[in-house]
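Q: Could you look at this predicted model? Sequence included:
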Amino acid sequence: MVRTVPPPGTVTLPRRPLDPNDRQRHWYENELGWRTVPGEPLRLVTGLRFDVLDVPVEAGVAALWRLGPSSPVAVRGDRMRLLVAAGNAEELPGLLDWLEWGALAPALDLVALGEGGHMEAPPFPGARPAGAPLPGSGIAKAQPLPAGGPRPLQGAAVWLRPPEPGCEVEASLPTMPAVGGVGRAPDLVRLVDTVATQCHRVRLRRSCAQPLAFS
């Protein structure tokens, strides 16, 4: 093989290192097979490989036991993103009605992201953003929250339970139970009922904490 040598006097610039966002995009798209949204900040497309339940972090922590140990969960500020099977976002309104939460659904602060949506992409495992908690601290250990409510995490989204490449992530996501059979994935019905109950409790707690208005 003939090696090309630059002419004398040619200035060779060092190769530009790969941008952190490009590395993360490559990890999501090539290691997990998850589609990302062009541009910055890096966002993941929902409704294809997974949907998302976006809930207050206090409600999410209380529902973690309803998830499998390998079911991905992200946190950003005072919100928690629970990944569920694709297509389940469309089932949420009817499921809340069936669980008799329909009348309170608009006030529950429970948001589903499905087809056509997106969520901020937390850095892949090992890349800790500025302002994120150290592993094993605070909410990341899913410990009981302080009496005053959850302490919001600052900065970008982080993985509380990161997805693991090669482990069939989608097989661990909560889904509607199959009629006449039992699947490996956690039951979406029980998860939604638990989350809705906790969201309702959070709403009542916040309402009681509001100062009284006097005319």
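A: Perfect, I can see it now.

Q: show me where pLDDT drops low in the chain?
A: Within the chain, the stretches with pLDDT under 70 are 1-20, 126-155, 166-167, 178-185, 209-215.

Q: try 80
A: The chain contains residues with pLDDT under 80 at 1-21, 125-155, 165-168, 178-185, 206-207, 209-215.

Q: By neighbour count, which bits of the helix of greatest length in it are buried? Give me those.
A: Scanning the chain for the helix with the most residues, using DSSP state H, yields helix 188-209. Residues of helix 188-209 classed as buried by neighbour count (16 or more other C-beta atoms under 10 Å): 188-189, 191-200, 202-203. C-beta: built from backbone N, CA, C; applies to glycine.

Q: Stretch 40-51 now?
A: Buried, per 16+ other C-beta under 10 Å, within stretch 40-51: 42-47, 49-51.

Q: ditto for stretch 46-66
A: 46-47, 49-64, 66.

Q: Pull up the distance across it, start to finish.
A: 21 Å (C-alpha to C-alpha, to the nearest Å).

Q: And the helices in the chain?
A: Under DSSP H, the chain gives helices at 20-26, 57-63, 88-98, 188-209.

Q: Take the ones you listed and write them to TSV, including distance to M80.
A: As requested, the helices of the chain are arranged in TSV below (distance: least, C-beta to C-beta, whole Å):
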stretch	distance to M80
helix 20-26	21
helix 57-63	3
helix 88-98	16
helix 188-209	9
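
Q: And the ones you listed: which comes nearest A112?
A: helix 88-98 (3.8 Å; C-beta to C-beta).

Q: Hey, what's the angle from that closest one to helix 188-209? Just curious.
A: Angle, helix 88-98 to helix 188-209, by axes from the mean of the first three to the mean of the last three C-alpha atoms, to 10 degrees: 70 degrees.

Q: Can you list the neighbours in contact with helix 88-98?
A: Residues from elsewhere that reach helix 88-98 (C-beta atoms under 8 Å, 6 or more residues apart in numbering): 46-47, 51-53, 102, 105, 108, 110, 112-115, 117, 174-176, 188-189, 192, 196.

Q: cutoff 6 Å now
A: Contacts with helix 88-98, where a contact means C-beta atoms under 6 Å, 6 or more residues apart in numbering, come from 51, 102, 105, 112, 114, 188, 192.

Q: Let me see the contact set for the second one.
A: For G102, the contacting residues are L96, taking C-beta under 6 Å, 6+ apart as the criterion.

Q: any idea how far it lies from T175?
A: 21 Å (C-beta to C-beta, to the nearest Å).

Q: now swap in the fifth one and tell me
A: Relative to T175, G114 is positioned 13 Å away (criterion: C-beta to C-beta).

Q: Between these two, which has more neighbouring residues?
A: Per other C-beta atoms under 10 Å, whichever of G114 and T175 has more neighbours is T175, with 23 against 19.

Q: I figured that one hits R190, correct?
A: No - between T175 and R190 there is no contact under C-beta atoms under 6 Å: 11.5 Å.

Q: thinking again about what came up before, any chance of TSV for the buried residues of helix 188-209, columns distance to P38?
A: Below are the buried residues of helix 188-209 laid out as TSV (distance: C-beta to C-beta, whole Å):
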residue	distance to P38
L188	31
V189	36
L191	32
V192	32
D193	37
T194	36
V195	32
A196	35
T197	39
Q198	36
C199	33
H200	38
V202	35
R203	37
